[in-house]
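1. Quick one, what's the 3D model for this:
(chains A and B, ligands or ions: 2)
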Amino acid sequence: MAHPMMATLERELTLYRRLWQASVFSSFLLPLLFVLSIGVGVGSYVDANGGLGGVDYLSYIAPGVVITTAFQIGIGESTFPVLGGFKWTRSYQAMRSAPVEPWHMVGGHLLYLMFRGVIATIAFLIIVGSFGAMHSWWAPATIPVAALVTVSVAGPVTALAASIVDDSYFSLLFRFGVIPATLFSGVFFPVDQLPEVVRPLAYASPLWHGVVLSREATLGWPTPWPTWVHVAYLIVWTAIGVALANWRFRKRLED
Amino acid sequence: MTDQSLIRARGLVKRFGDFTAVDGIDLDVARGEAFGFLGPNGAGKSSTMRMIGCVSTPTAGELSILGLDPVKDGTRIRSRLGVCPQLDNLDPDLTVRENLTTYARYFGISRAAAKQRALELLEFVQLADRAESKVEPLSGGMKRRLTIARAMVNEPELVLLDEPTTGLDPQARHLLWERLFRLKQQGVTLVLTTHYMDEAEQLCDRLVVMDAGKIVAEGSPRALIETYSTREVVELRFGESPLEGFRDKLVGIGERTDVLPDRVLLYADDGDAAVNEVHRRELAPSGVLVRRSTLEDVFLHLTGRTLVD
Ligand SMILES: Nc1ncnc2c1ncn2[C@@H]1O[C@H](COP(=O)(O)OP(=O)(O)O)[C@@H](O)[C@H]1O
Ligand SMILES: [Mg+2]
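-> Ligands and ions are numbered 1, 2, ... in the order given. The predicted structure is shown next:
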């Protein structure tokens, strides 16, 4: 018998099969254009000055941008789609009338986002790999890293989306969370170049941990802290996020 | 008898903060029955339905559904219920057929069985030709029928319908009533809420009249009318207003009068005789209508208010 969590995952996949074209641009084309234009364009200047850490600039940013894509899928797909499931389509209320528990809904949603993060990562790796940006046989390890980054941020954002009725919080989240994290988590330049006072913010961001793990995989660069610490940090975010999301879903659906 | 009850409630209460939405009601719904909650907006019908559907926890009182405790066995109960909520919650981005098949999967129904079941149900609610259509362009009546089909996907023993025809045009309502009547004939237990007295009369074997969280009367539609109203009602309209002055002038005709803002109701077993008496007193009404008593009259008598405002 199918588990209800798998049934909610199946629903998301059915929706994705219908709507995937809409996400092709943001999940595949945009990051690719980004990495190629900056990597090749800006890269020609960086590389003329000796590259960054001994590799060409494209190879430097590719592992960062791929994790950023997973990060943005995890956040973006947990904002309006989750709020809408309570407020507009009421799909979660519909599931609740069936024998589906809040944690099944949260689990199905996160599994779906893992899937989204993984396919975006695979497509990206294949293409930038063909431009010679993969320097290690460990490169496929980027896939589980991306999956972990996706769920580590999807959990807390799902909890937020399940708690609010007004979507204006999302623009705050993007302005003060997602955009600064994308710019200052070591994707485009090393975190050491940030002023010392703001560096801890980068260390706190799940994105930075994902980026350093991804560089370890594609470039063979050692991580600043032991690998397991970075992985554990992302797992802690995931665990707390899942617990928060479960709690908020339960609250939202009970009365 | 009690162990035959699909729904049994004693002193059931639902509060939201200080506000009491359901104020100590008793219910017994037997297998195979079509049972209704009739009451105006805000009476507490949906709050009661949500407790029966195990998505809302009772504040106080006893409740058992299918012989199980909703707090402990909510999941098991829900797997045997069909629910058609007051607000539509179909998946707008899925097709009509996918709405049924994805919902079936929540009940652990296999993909093949879900597909088969969806075909049968779309046939049943006369939406087979729309199977591949999106939900959005469907009319209100079609969406309602799809929601009812979805509620039937797990072959439920008990189906809860919260205002199944509110907002539909007469033709769509009749089609829906006819489908619900079929379900009833198949032995499915139906529990529905409505503020349309004709709907209650059409569909319900037995109903409770609800007002302000309380049950004010209970019985079959016919028994309620016999107990709380007369066989016929005369509606009198007069050119002038206010109408309050007519109360005295009509004393002694029929059993009772109710003065409404726009008309006076005379309750009498023989409507024509009452009309004759009105004319004999030379009251000169501008409009006269003799009709059979309805649940609307019962409600008015019990609560002093009309059902639909
Ligand atoms: N979740 C809720 N929180 C606060 N008040 C509620 C809630 N749900 C219903 N009510 C109130 O309870 C009363 C009964 O509502 P409801 O059960 O929906 O009535 P009906 O279905 O008969 O129209 C209404 O006054 C409504 O405002
Ligand atoms: Mg209601």
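
2. Get me the contact residues on chain B for ligand 1.
-> B:16, B:19, B:21, B:39, B:41-47 (Cβ under 6 Å from any ligand atom). For every residue, glycine as well, the C-beta is placed using N, CA and C.

3. Identify those among the residues you listed that sit within strands.
-> Counting by DSSP state E, the members of the residues of chain B next to ligand 1 that fall within strands are B:16, B:19, B:21.

4. can you tell me which of those are up against chain A?
-> residue B:16 (Cβ under 8 Å from any Cβ of the partner chain).

5. residue contacts, residue 61?
-> No chain was given, so I picked chain A. A:35, A:38-39, A:43, A:187-188 (Cβ atoms under 8 Å, 6 or more residues apart in numbering or on different chains).

6. that's the wrong chain, I meant chain B
-> Per Cβ under 8 Å, 6+ apart, neighbours of residue B:61: B:9-13, B:24-25.

7. could you pull out the helices for the stretch 1-150 of chain B?
-> Assigned by DSSP state H, counting those that start in this stretch, the stretch 1-150 of chain B shows helices spanning B:45-52, B:70-78, B:96-106, B:111-124, B:140-151.

8. what's the closest of these to residue B:301?
-> helix B:45-52 (19.6 Å; Cβ to Cβ).

9. That closest one - contacts with which helices or strands?
-> strand B:5-16, strand B:19-30, strand B:34-38, strand B:60-65, strand B:158-162, strand B:189-194 (3 or more Cβ pairs under 8 Å, 6 or more residues apart in numbering or on different chains; DSSP states H and E).

10. Output those strands in JSON lines, with mean pLDDT appended to each entry.
-> Shown next, in JSON lines, are the helices and strands packed on helix B:45-52 (pLDDT from 0 to 100):
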{"stretch": "strand B:5-16", "mean pLDDT": "96"}
{"stretch": "strand B:19-30", "mean pLDDT": "97"}
{"stretch": "strand B:34-38", "mean pLDDT": "96"}
{"stretch": "strand B:60-65", "mean pLDDT": "97"}
{"stretch": "strand B:158-162", "mean pLDDT": "97"}
{"stretch": "strand B:189-194", "mean pLDDT": "96"}
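
11. Turn the buried ones among the ones in strands among the residues of chain B next to ligand 1 into a named ChimeraX selection, would you?
-> Remark: buried members of those, expressed as a ChimeraX selection using 16 or more other Cβ atoms under 10 Å in any protein chain shown:
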select /B:21
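
12. Which residue ranges of the stretch 101-250 of chain A form helices?
-> Going by DSSP H, counting those that start in this stretch, the stretch 101-250 of chain A shows helices at A:102-130, A:142-161, A:168-173, A:179-184, A:199-204, A:206-219, A:227-253.

13. now those helices in CSV, with mean pLDDT?
-> Output for the helices of the stretch 101-250 of chain A, formatted as CSV (pLDDT from 0 to 100):
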stretch, mean pLDDT
helix A:102-130, 96
helix A:142-161, 98
helix A:168-173, 95
helix A:179-184, 92
helix A:199-204, 93
helix A:206-219, 97
helix A:227-253, 97
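
14. I'd like to know which of these is closest to residue B:128.
-> Here helix A:102-130 is closest among these (Cβ to Cβ), at 29.4 Å.

15. Go through that closest one and flag the buried ones.
-> Buried residues in helix A:102-130 (16+ other Cβ under 10 Å): A:102-121, A:123-125, A:127-128.

16. just to revisit the earlier point, list buried members of the contacts of residue B:61 by neighbour count.
-> Among those, those scoring as buried are B:9, B:12-13, B:25 (criterion: 16+ other Cβ under 10 Å).

17. Closest one of those residues to residue A:172?
-> So of the buried ones among the contacts of residue B:61, ranked by how close each gets to residue A:172 (Cβ to Cβ), first place is residue B:13, at 40.2 Å.

18. From residue B:164, how far off is residue A:181?
-> The gap separating residue A:181 from residue B:164 is 49 Å, by Cβ to Cβ, to the nearest Å.

19. again with residue B:210
-> In terms of Cβ to Cβ, residue B:210 sits 17 Å off from residue B:164.

20. How about residue A:118?
-> For residue A:118 relative to residue B:164 (Cβ to Cβ), the value is 43 Å.

21. picking that back up, could I get the helices of the stretch 101-250 of chain A in CSV, plus columns for distance to chain B?
-> Formatted as CSV, those follow (distance: least, Cβ to the nearest Cβ, whole Å):
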stretch, distance to chain B
helix A:102-130, 9
helix A:142-161, 17
helix A:168-173, 20
helix A:179-184, 28
helix A:199-204, 36
helix A:206-219, 30
helix A:227-253, 7
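
22. So which of the ones you listed is nearest residue A:136?
-> helix A:206-219 (5.9 Å).

23. got the angle between the closest one and helix A:102-130?
-> If you take axes from the mean of the first three to the mean of the last three Cα atoms, to 10 degrees, helix A:206-219 sits at 40 degrees to helix A:102-130.

24. Which strands or helices does helix A:206-219 pack on?
-> helix A:57-76, helix A:142-161, helix A:227-253.

25. want to throw the ones you listed into JSON lines with distance to residue B:223?
-> Below are those laid out as JSON lines (distance: least, Cβ to Cβ, whole Å):
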{"stretch": "helix A:57-76", "distance to residue B:223": "59"}
{"stretch": "helix A:142-161", "distance to residue B:223": "51"}
{"stretch": "helix A:227-253", "distance to residue B:223": "39"}
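
26. my guess is residue B:292 meets residue B:235, correct?
-> No. In this structure, residue B:292 is not within contact of residue B:235 by Cβ atoms under 8 Å, at 11.8 Å.

27. quick one, which of the two is more surrounded?
-> residue B:235 (17 against 12; other Cβ atoms under 10 Å in any protein chain shown).

28. May I have the phi/psi pair for residue A:35?
-> The phi/psi pair for residue A:35 (degrees, to the nearest 10) reads phi -70, psi -30.

29. Check the spacing between residue A:205 and chain B real quick.
-> Look at residue A:205 and chain B: by Cβ to the nearest Cβ, to the nearest Å, they are 33 Å apart.

30. Next, count neighbours for that residue.
-> 22.

31. wait, what's in contact with the closest residue to residue B:244 other than its chain neighbours?
-> In space, and not counting its chain neighbours, residue B:244 is closest to residue B:259: 5.8 Å by Cβ to Cβ, 6 or more residues apart in numbering or on different chains. Taking Cβ under 8 Å, 6+ apart, we find residue B:259 in contact with B:243-244, B:246-247, B:265.

32. ok, and the most crowded of those residues?
-> residue B:265 (21 neighbours).

33. Which strand or helix spans that residue?
-> Assigned by DSSP states H and E, residue B:265 belongs to strand B:264-268.

34. Which strands or helices does that strand pack on?
-> Looks like strand B:264-268 contacts strand B:232-237, strand B:256-259, helix B:271-280, helix B:295-303 (3+ Cβ pairs under 8 Å, 6+ apart).

35. can you tell me which of the ones you listed comes nearest to residue B:100?
-> helix B:295-303 (34.0 Å).

36. Which other helices and strands does the closest one contact?
-> Helix B:295-303 packs on helix B:197-203, strand B:206-211, strand B:214-219, helix B:221-228, strand B:256-259, strand B:264-268, going by 3+ Cβ pairs under 8 Å, 6+ apart.

37. Of all the residues in the stretch 101-250 of chain A, which one is nearest chain B?
-> residue A:101 (6.8 Å; Cβ to the nearest Cβ).

38. ok, that residue touching residue B:79?
-> No. Contact criterion Cβ under 8 Å: residue A:101 and residue B:79 do not qualify, at 11.7 Å.

39. so what pLDDT did residue A:255 get?
-> We have a pLDDT of 78 for residue A:255.
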